[in-house]
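Visitor: the amino acid sequence is not available; the structure is as follows:
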């Protein structure tokens, strides 16, 4: 099967890149301290399942504010839509067990970026960011927080389609 080169791809086709998706990375559960990746003076954007638009010159990326997920990508010039995870996601799998965070906050960190803080019982925390640049969207974990007496546990994000 032929695979088009970058030059042969239509400039109207939104592309997406995932830096971290279902990768297993350490989650350190405990009662750690630290600051969020987002500007702490910025107000939290949502407590329910609302949407926020991240806009670049090439596309609009609609993200959920209640939990890190891309709902859809819209190419600004053509209006073409690429659907992401339209169903609400509320859990991660930590060390083989499905876990719902005790709290999730979301803050805009730029015109085309948003940061999330997922807090867990016991004080553990995952900080993550979804950012758009041109036709590329990146999801990355920016920080995990632990206490001195906690242990690492692998986690994954199986309910999310990027």
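Guide: Received the coordinates, thanks. Owing to the predicted nature of the structure, the values given are computational and were not obtained by experimental measurement.
Visitor: output the lowest mean pLDDT helix or strand found in this structure.
Guide: Least confident helix or strand, the chain: strand 25-28 with a mean of 32, by mean pLDDT, DSSP states H and E.
Visitor: check contacts around residue 131.
Guide: Residue 131 makes contacts with 54, 109, 110, 112, 113, 114, 137, 138, 140, as judged by Cβ atoms under 8 Å, 6 or more residues apart in numbering. Quick note: C-beta positions are derived from backbone N, CA and C, even for glycine.
Visitor: list only those of those flagged as buried.
Guide: Buried members of the contacts of residue 131, scored by 16 or more other Cβ atoms under 10 Å, are 54, 109, 112, 113, 114, 137, 138.
Visitor: among those, name the ones in strands.
Guide: Using DSSP state E, 54, 109, 113, 114, 137, 138 are the members of the buried ones among the contacts of residue 131 that sit in strands.
Visitor: just the closest of these to residue 92, please.
Guide: residue 114 (17.9 Å; Cβ to Cβ).
Visitor: thought that closest one was touching residue 107?
Guide: Yes: counting by Cβ atoms under 8 Å, residue 114 does reach residue 107; the two are 6.9 Å apart.
Visitor: dihedrals phi and psi, the nearest residue to residue 49 once chain neighbours are set aside?
Guide: Of all residues not flanking residue 49 in the chain, residue 66 sits nearest, at 4.2 Å (Cβ to Cβ, 6 or more residues apart in numbering). The phi/psi pair for residue 66 (degrees, to the nearest 10) reads phi -80, psi -20.
Visitor: and residue 66, how far from residue 105?
Guide: Residue 66 sits 10 Å away from residue 105, going by Cβ to Cβ, to the nearest Å.
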